[in-house]
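# Whatever this is, show me its structure:
(one chain, ligands or ions: 3)
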Amino acid sequence: MIVMGIESSCDETGVGIVRWEPDGIGDGGRGTATLLADEVASSVDEHARFGGVVPEIASRAHLEAIVPTMQRARAAADIDRPDAIAVTIGPGLAGALLVGVAAAKAYALAWDVPLFAMNHLGGHVAVDTLEHGPMPECVALLVSGGHTHLLHVTDLARPITELGTTVDDAAGEAFDKVARLLDLGFPGGPALDRAAAAGDPGAIAFPRGMTGPRDARYDFSFSGLKTAVARHVEKCERSGTAVSVPDVAASFQEAVADVLTMKAIRACTDLGVDTLVLGGGATANSRIRSMAQERCADAGVTLRVPRPRLCTDNGVMIATLGAHVIGGGAEPSPLTVATDPGMSVQVSQL
Ligand code: ATP
Ligand code: MG
Ligand code: FE
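Numbers count the residues shown, from 1 in each chain. Ligands and ions are numbered 1, 2, ... in the order given. All right, here's what the predicted structure looks like:
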């Protein structure tokens, strides 16, 4: 079976294609997905001068990119039409999602192939199977510009349980906002990571949000940390001392990595799960990666991190999730299926 995935929830227009081979053992969507095409067009540069993703610009960029991206994916996979189409219906930007969903419906109708509605977050977990093979029960930590989620995944073909999420800013958003405070540009995550390399992670004791004994075990908060960085910069300016950008960047990055990995390992220990999967664009961060490696090794947990290209938004992650869900026996979605911008991860498909 050939599955096409269409993704347009944020600022990447993605069309991916996978081949799915069921392993024939039991049910529950067991099998192997192989990557045939992974085409992505990003409007990230168009948002740079605004310092964040502008929904209307993202929607227009999707409109321009969707058909050419689709044609490139079909050419790369050397296929005329897939056997099924999977499309992100949420969570994400309402106008952006509409473009991908409208395109998916049009192609499904024109090619007479079934349409399957997907949850973007499940795609970030499923994509790792392209690199590291079938997914055992796992905890997944998703960190990107729009998301910070701790998930419990027993089976990619079944609904996923959300253990925790951010109560305010997403982790990647915090990187972008702090990078802006430090005049490092947008998207700030990569620039902040580079600046931190020359800094001392212990220079400034920034707060670890939501780690008190009465705080929710798996939720996150990054807005207090962002404010603490702003206060620190203000204090330096008032007293006429130069801000050490490398030290602030390294100390901030250390605080984010500390909380993310601490809670992820805690979830693995609490649930007795021995696999942790990372996903989302902010997992490109060098300290999040190295701390996750150290703490997983200490806790006897296997760490799975897909290559950066697969961690950021793309269509092949939706194709891969779709293959598992279809392989698990899901019914197609009606062509009237709507977008769901605030979609909960508990529903992995409709
Ligand atoms: P979504 O939230 O819908 O998954 P997005 O476009 O917000 O999509 P991605 O494209 O997955 O997110 O990732 C971009 C985010 O990752 C940005 O916030 C960026 O700053 C952050 N990021 C990328 N590289 C790094 C890095 N090395 N360190 C920290 N943050 C990073
Ligand atoms: Mg993006
Ligand atoms: Fe994403």
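# Distance-wise, check Met317 relative to Lys235.
According to CB to CB, to the nearest Å, Met317 and Lys235 sit 42 Å apart. Where you see a C-beta, it was placed from the backbone N, CA and C, and this is true even at glycine.
# When the two are compared, which one has more neighbours?
Met317 (34 against 11; other CB atoms under 10 Å).
# Now do the contacts for the more buried one.
5, 7, 14, 16, 123-124, 126-127, 310 (CB atoms under 8 Å, 6 or more residues apart in numbering).
# list the contacts for whatever residue of the stretch 1-150 of the chain ends up closest to ligand 3?
Of all residues in the stretch 1-150 of the chain, Ser144 sits closest to ligand 3, at 4.8 Å by CB to the ion. Applying CB under 8 Å, 6+ apart, we find Ser144 in contact with 124, 170-172, 279-282, 312-313.
# what does Gly133 give?
Thr32.
# What is the neighbour count of the residue in the stretch 151-300 of the chain that ligand 1 sits nearest to?
Proximity to ligand 1, evaluated over the stretch 151-300 of the chain using CB to the nearest ligand atom, is greatest for Gly281 at 1.8 Å. Gly281 has 26 neighbouring residues, counting by other CB under 10 Å.
# any idea how far it is from Ile6?
Separation of Gly281 from Ile6 (CB to CB): 19 Å.
# got it, and Pro187?
Per CB to CB, Pro187 is found 23 Å from Ile6.
# Compare these two (neighbour count), which wins?
More neighbours surround Ile6 than the other of Pro187 and Ile6, with 29 against 24 (other CB under 10 Å).
# By proximity to ligand 3, which residue of this protein wins?
For the chain, CB to the ion, closest residue to ligand 3: Asp313, 4.3 Å.
# So what does that residue look like in phi/psi?
phi -60, psi 140 (degrees, to the nearest 10).
# Ligand 3 contacts on the stretch 101-250 of the chain?
Residues of the stretch 101-250 of the chain found near ligand 3, taking CB under 5 Å from the ion as the criterion, are Ser144.
# how about the helices of the stretch 101-250 of the chain, start to end?
Shown for the stretch 101-250 of the chain, the helices assigned by DSSP state H, counting those that start in this stretch span residues 120-126, 129-132, 171-181, 188-196, 223-239, 245-271.
# elements contacting the third one?
If you count contacts as 3 or more CB pairs under 8 Å, 6 or more residues apart in numbering; DSSP states H and E, helix 171-181 packs onto helix 188-196, helix 223-239, helix 245-271.
# same thing with the first one?
Helices and strands in packing contact with helix 120-126 are listed as strand 2-7, strand 84-90, strand 138-143, strand 148-153, strand 275-279, helix 316-327; criterion 3+ CB pairs under 8 Å, 6+ apart.
# what about the second one, distance to the chain center?
Strand 84-90 has its C-alpha centroid displaced from the chain centroid by 16 Å (CA atoms, centre = their mean, to the nearest Å).
# Report the inter-axis angle for it versus strand 2-7.
When axes from the mean of the first three to the mean of the last three CA atoms, to 10 degrees is applied, the directions of strand 84-90 and strand 2-7 differ by 20 degrees.
# Show me what from the chain comes close to ligand 1.
9-11, 92, 144-147, 172, 175-176, 187-190, 193, 280-282, 284-285, 312-313 (CB under 6 Å from any ligand atom).
# May I have the secondary structure class of Thr34?
Classification of Thr34 by DSSP: H, G, I helix; E, B strand; the rest coil places it in strand.
# Excluding residues flanking it in the chain, which one is nearest it?
Nearest residue to Thr34, sequence neighbours excluded (CB to CB, 6 or more residues apart in numbering): Arg19, at 4.7 Å.
# For burial, what's the neighbour tally of the one you found?
Residues near Arg19, counting by other CB under 10 Å, number 18.
# so which strand or helix has it?
strand 12-22 (DSSP states H and E).
# Stretch 177-185: which residues count as buried?
177-182, 184 (16 or more other CB atoms under 10 Å).
# mind checking which helix or strand of the chain has the lowest mean pLDDT?
Using mean pLDDT, DSSP states H and E, the weakest-scoring helix or strand in the chain turns out to be helix 44-47, at a mean of 90.
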